[in-house]
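Peer 1: Mind looking at a prediction? Sequence and model below.
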Amino acid sequence: MKSALIVDDHPLMRMAIRLILEREGIEVLARPVTAQAH
């Protein structure tokens, strides 16, 4: 099974990407970003 890791600080973006990938049969692991990139 394929899997993907979603790393994004925006909860709605994580949810949208998760739904799209799961519909395609991809196992999704999601982690929020806790630090800002500079």
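Peer 2: Sure thing, it's come through. Residues are numbered from 1 along each chain as shown.

Peer 1: hey, what's the residue sitting nearest the centre point of the chain bridged with?
Peer 2: Centroid-nearest residue in the chain: residue 6, 2.7 Å away (criterion: CA atoms, centre = their mean). For residue 6, the beta-bridge partners under DSSP bridges are residue 30.

Peer 1: OK, contacts around it?
Peer 2: Counting by CB atoms under 8 Å, 6 or more residues apart in numbering, residue 6 makes contact with 14, 17-18, 21, 28-31. All C-beta atoms are positioned from the backbone trio N, CA, C, and that covers glycine.

Peer 1: Buried subset of those residues as a PyMOL selection?
Peer 2: Buried members of the contacts of residue 6 can be picked out in PyMOL with the line below, counting by 16 or more other CB atoms under 10 Å:
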select buried, resi 14+17+18+21+28
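
Peer 1: In terms of distance to residue 2, which of the contacts of residue 6 ranks first?
Peer 2: Comparing the contacts of residue 6 against residue 2 with CB to CB places residue 21 closest, at 8.8 Å.

Peer 1: re the thing from before, which of the contacts of residue 6 sit farthest apart?
Peer 2: Once CB to CB is applied, these give 21 and 31 as the farthest pair, at 14.3 Å.
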